[in-house]
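In: generate coordinates for the sequence data below:
(chains A and B)
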Amino acid sequence: MEEEVPGFYGESGKSVQATLSSLKMLDVGKWPIFSLCSEEELQLIRQACVFGTAGNEVLYTTVNDEIFVLGTNCSGCLGVGDIQSTIEPRRLDSLTGKKIASLSYGSGPHIVLATTDGEVFTWGHNAYSQLGNGTTNHGLVPCHISTNLSNKQVIEVACGSYHSLVLTSDGEVFAWGYNNSGQVGSGSTANQPIPRRVTGCLQNKVVMSIACGQMCSMAVVDTGEVYVWGYNGNGQLGLGSSGNQPTPCRVAALQGIRVQRVACGYAHTLVLTDEGQIYAWGANSYGQLGTGNKSNQSYPTPVVVEKDRIIEIAACHSAHTSAAKSQGGHVYMWGQCRGQSVILPHLTHFCCTDDVFACFATPAVTWRLLSVEPDDHLTVAESLKREFDNPDTADLKFLVDGKYIYAHKVLLKIRCEHFRSSLEDSEDDIVEMSEFSYPVFRAFLEYLYTDNISLPPEEAVGLLDLATFYSETRLKKLCQQTIKQGICEENAIALLSAAVKYDAQDLEEFCFRFCINHLTVVTQTSGFAEMDHDLLKNFISKASRVGAFKN
Amino acid sequence: MVDVGKWPIFTLLSPQETGSIRKACVFGISASEAIYVTDSDEVFVFGLNYSNCLGTGDNQSTLVPKKLEALCGKRIKSLSYGSGPHVLLSTEDGVVYAWGHNGYSQLGNGTTNQGIAPIQVCTNLLVKQVVEVACGSHHSMALAADGELFAWGYNNCGQVGSGSTANQPTPRKVTNCLHTKKVVNIACGQTSSMAVLDSGEVYGWGYNGNGQLGLGNNGNQLTPVRVAALHGVCVNQIVCGYAHTLALTDEGLLYAWGANTYGQLGTGSKNNLLSPTQIMVEKERVIEIAACHSTHTSAAKTQGGHVYMWGQCRGQSVILPHLTHFSCTDDVFACFGTPAVSWRLLSVEHEDFLTVAESLKKEFDSPETADLKFRIDGKYIHVHKAVLKIRCEHFRSMFQSYWNEDMKEVIEIDQFSYPVYRAFLQYLYTDTVDLPPEDAIGLLDLATSYCENRLKRLCQHIIKRGITVENAFSLFSAAVRYDAENYSTQCFKRFEHKP
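Out: Numbers count the residues shown, from 1 in each chain, chains lettered A, B, ... in the order given. Next up is the predicted model:
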């Protein structure tokens, strides 16, 4: 036998491992609230947003373009027409069929959503006119916002705590809602009840990206300049001062730098340049600027993240957390992390920035609309599952109760010690099996291909016998679990009888206890009437010993 | 069964670190502290370190696990924590350790000084073998193997059971009605205490403002009082929430009493109950109940493996038992509790059977079961035809179209190198690629030829992750050699960026 050295790579360098989880760019399972959904529901999710003051509200879209919501429904923010909380997903019927292009939420919370047709819908908290429908009544259902937007195609939306921003395809910005710090950009501090175009310095500019802090607003224009307005008490506008700005002002300190993207935290701001560099400014009480200290900065300061080029920055107006992703796929985190202050970028084990907010931010809310890429490629385990009982690739047939079950010799050998010896040097293409029934033997082979069984409890007893015969310890456990989970008053006697027959003592004890606990109903079943005489005698004897007949 | 990955704080650890965890507990007022034991019985802590509750000897918070040398090798058996927080644990040898917040003498060392490192709790416990510990918000209890119960700490409501409301600085045996009785299970609410005897009787003492003692009234009790309403019922497990109590009988019946503001009793209403009421969980027998003194959440597991939850669930009130998708009660608290803290010390059991995927991985390049060999650069790789057919369209058509190939025992490959082709076959068996970036370029070429899109993405990931200033040029050379246009551009960009 030739000597093989699996790890040998000659003159090549250090190896890098890549697993499927490296490719799984988004996993909604990281967000605890999605534990309320079943596996089937999770498989259908294509876009998702976790929001609310405690991260207890969810909106998601499915592969069928349906929109579902669940959660506490604070201020009617689920949009289902009432303020009833729900732990089961409810469908948002009025938006069925509409594709979401952009979505954002405020602290009330209120929701602003743009469809791929460029329409805008809002609902939820409205005490400061942040819904843009001209009133201050909470919106219990999605409301189409058309004032000043009817001829526009909205491609991006952003929310602060109580104000809203939208960006149109022709590079114009409209704002409305709370304006106590000038965050609407109208030049005053009067709340704005309907969408108003943000002019001033932005009048002739083409905006490419927008973002909101709690009470401030940001825009990046096509020339790479950054414009800011609103609250500046922590220097989050980056103007070198702490004065609020009721109209857009250019961040002069970024002169000569081409900014691609801006992201806002509660009171801090991050920008990403076209050369993959990060600048940060604003509040730094949790180290959210990543400068190595906790001093606020009122002008842009470079953030050093490795040697790598940064391709994505992340922040959310509800949180004091920052995140970044490099071209090499590394995800860094700084700022508030589970109550701790991280003052320099910290390398995480995540593959996407969204996971930083799922696991470390307070509250745990999404910083953007999550997008799930469908991955229909089969894993090793999924491939085998699909090939079970498939005649196309099989090289062996079992004949059981006159029916065929197709299998692969090599896989049976790998998975079962019994087959490893019995199929050794065997040239047979067909094997007759008479010791076990078709459902039982098929379930056994399926287990070898999938690690799972799916049988009714009565048949699982037969599989338990097979598992005992073939010394398959784990299969025995699965059988007993199936029987225990499936036991009910109607089948309890049958299961007890089978457990006795196959000498499964633990299972017998379980079935016996169940019968005792439900004695009145069990004794009236047909199973009880058909009970074997010896079994009945033994049952009554044991039952009286545990005091089942005392009143 | 138990998956520490459900707890967000454990994502701070690497997969290797989480893979070595055997026991774990998440605690703290915002679930931002954790302690865990590894398979080599080392003890680690990490998190915020509020009130020195990590026991590291300082008050520094840490994202990186720190080893608690004093507890390594001690074989932790039972662990509980308070709201300060303070941490209390007992070992397999029956020794008790405590550290953290001590504003009310809850560490039991006779002082009110914060405990910055684990110290042994000695008074009255040195001659005892402690098998279980329990904490309320600021009081502590320890149960000895002989059924004797000791309590200490905050006693403003009589939760220590001493007959007074003076704080108890050191462990004191709880006597009165329990004097000649044998206790087998204990639990603490915020400011109340409960005990179950070997006879199945339940005793309670301390705060009773929500009826959490189950005595039919709202009066605090300074000494243990029997829950008379459970007469004739044989209880074997008791757990306490913030202000509610759950009891499980030996027949799998569930009783609840106390506060119900979030539906945590599961009665279908939000009315507090002063006496035990039976809670129906379908028709199944309940085998485990769960609650934590920091939360208003309840959970139960049935013999059929179903896990139910009720009470406070992510800001909502669930007033009847709700069937979850979990397989253990711990996950209810990880995902739905407020705060998301453990209700008990988690135990991670590792099964020793091989899954389908693990079996295949093990059989890669194993001559024993193989029925085909590839020969590349003079070296052999053993494979199984059926696996190749199932996993790769290229081999499926190859083995069907060319009957001769199917009959051969050895197939020569000359268009790819040995490391590249081996990595490809290993990927088919494991879904994993393990290569240096330079060879990943070659594998990318193979993946393109064989139309393996996912494999291409894995190669791209390796190249991106592995690129450095040192190897950028050699990657560029390799990319040119394999005519991988996208990646030669990326290498060139990087090269250009740092002249």
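In: near residue 232, how many other residues are there?
Out: Defaulting to chain A. Number of residues near A:N232 (other C-beta atoms under 10 Å in any protein chain shown) recorded here: 25. Where you see a C-beta, it was placed from the backbone N, CA and C, and this is true even at glycine.
In: chain B, not that one
Out: 6.
In: what's the answer for B:D250, then?
Out: 12.
In: which ones are touching the residue nearest to it when sequence neighbours are not counted?
Out: In space, and not counting its chain neighbours, B:D250 is closest to B:C234: 4.6 Å by C-beta to C-beta, 6 or more residues apart in numbering or on different chains. Counting by C-beta atoms under 8 Å, 6 or more residues apart in numbering or on different chains, B:C234 touches B:199-200, B:249-251.
In: B:S342 too?
Out: B:S342 makes contact with B:7, B:24-27, B:292, B:330, B:333-334, according to C-beta under 8 Å, 6+ apart.
In: wait, does the helix or strand harbouring B:K373 contact chain A?
Out: Using DSSP states H and E, B:K373 sits in strand B:372-376. No - applying C-beta under 8 Å from any C-beta of the partner chain, one finds strand B:372-376 separated from chain A by no less than 9.6 Å.
In: what's the average pLDDT for that strand?
Out: The pLDDT scores in strand B:372-376 average 93.
In: what helices or strands is the following helix or strand past that strand leaning on?
Out: Proceeding N to C from strand B:372-376, the next assigned helix or strand is strand B:379-383, under DSSP H and E. Counting contacts by 3 or more C-beta pairs under 8 Å, 6 or more residues apart in numbering or on different chains; DSSP states H and E, strand B:379-383 is packed against strand B:372-376, helix B:418-430.
In: can you redo these as TSV with distance to A:H144 and mean neighbour count?
Out: Listed next are the helices and strands packed on strand B:379-383 as TSV, based on distance: least, C-beta to C-beta, whole Å; neighbours: other C-beta atoms under 10 Å in any protein chain shown:
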stretch	distance to A:H144	mean neighbour count
strand B:372-376	62	18
helix B:418-430	50	22
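In: ok, A:E66 - how many residues close by?
Out: Neighbour count of A:E66, defined by other C-beta under 10 Å: 18.
In: that one contacts A:R91, doesn't it?
Out: Yes - look at A:E66 against A:R91 with C-beta atoms under 8 Å: they come within range, at 5.9 Å.
In: do a quick rundown of the helices in the chain.
Out: Here I'm looking at chain A. A:20-23, A:39-44, A:353-359, A:380-387, A:409-415, A:417-422, A:438-450, A:457-469, A:473-486, A:492-501, A:505-517, A:519-522, A:526-529, A:533-545 (DSSP state H).
In: you looked at the wrong chain, it should be chain B
Out: With DSSP H as the criterion, chain B has helices spanning B:15-19, B:329-336, B:356-363, B:385-391, B:393-401, B:403-407, B:418-430, B:437-449, B:453-466, B:472-482, B:485-497.
In: what's the mean pLDDT across the last one?
Out: In this case it means helix B:485-497. The model assigns helix B:485-497 a mean pLDDT of 55.
In: again, but for the second one
Out: For helix B:329-336, mean pLDDT rounds to 94.
In: centre of the chain to that helix, how far?
Out: 9 Å (C-alpha atoms, centre = their mean, to the nearest Å).
In: contact residues of the stretch 151-300 of chain A facing chain B?
Out: A:E275.
In: show the pLDDT at whatever residue of the stretch 151-300 of chain A ends up closest to chain B.
Out: Residue of the stretch 151-300 of chain A nearest chain B, by C-beta to the nearest C-beta: A:E275 (7.8 Å). We have a pLDDT of 90 for A:E275.
In: any idea how far B:R75 is from B:V127?
Out: Going from B:V127 to B:R75 by C-beta to C-beta, to the nearest Å gives 20 Å.
In: got it, and B:H394?
Out: Distance, B:H394 to B:R75, by C-beta to C-beta: 53 Å.
In: quick one: which of these two has more around it?
Out: B:H394 (16 against 13).
In: returning to that earlier point: including distance to A:S104, could the helices of chain B go into CSV?
Out: Converted to CSV, those look like this (distance: least, C-beta to C-beta, whole Å):
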stretch, distance to A:S104
helix B:15-19, 33
helix B:329-336, 25
helix B:356-363, 40
helix B:385-391, 43
helix B:393-401, 43
helix B:403-407, 57
helix B:418-430, 40
helix B:437-449, 38
helix B:453-466, 30
helix B:472-482, 39
helix B:485-497, 32
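In: looking at the ones you listed, which is buried most?
Out: Among the helices of chain B, helix B:329-336 has the highest mean neighbour count (mean count of other C-beta atoms under 10 Å in any protein chain shown), at a mean of 26.
In: quick one: is that one near chain A?
Out: Yes - counting by C-beta under 8 Å from any C-beta, chain A is contacted by helix B:329-336 at B:331, B:334-336.
In: check what pLDDT residue 51 gets.
Out: Here I'm looking at chain A. For A:F51, the model assigns a pLDDT of 95.
In: should've been chain B
Out: Looking at B:S51, its pLDDT reads 93.
In: pull the number of nearby residues for it.
Out: B:S51, neighbours per other C-beta under 10 Å, totals 24.
In: verify the stated contact: it with B:H101.
Out: Yes - using C-beta under 8 Å, B:S51 is in contact with B:H101, at 3.9 Å.
In: contacting residues around residue 282?
Out: Looking at chain A here, since you left the chain open. By C-beta under 8 Å, 6+ apart, the contact set of A:G282 is A:213, A:234-238, A:265, A:267-269, A:288-289, A:296-298.
In: um, chain B though
Out: So B:E282 contacts B:302, B:306, B:321 (C-beta under 8 Å, 6+ apart).
In: which residue, other than its chain neighbours, is closest to the spatially most central residue of chain A?
Out: For chain A, the residue nearest the mean C-alpha position is A:V28 (0.9 Å; C-alpha atoms, centre = their mean). Setting aside the residues directly before and after it, A:V28 is nearest to A:F34 in space (C-beta to C-beta, 6+ apart), at 4.7 Å.
In: burial of that neighbour, as a residue count?
Out: Neighbours around A:F34, by other C-beta under 10 Å: 20.
In: likewise for B:H179?
Out: Using other C-beta under 10 Å, B:H179 has 10 other residues around it.
In: quick one: it from B:K173, how far?
Out: Remark: distance between B:H179 and B:K173 (C-beta to C-beta) = 9 Å.
In: since that was my last question, I'll sign off now.
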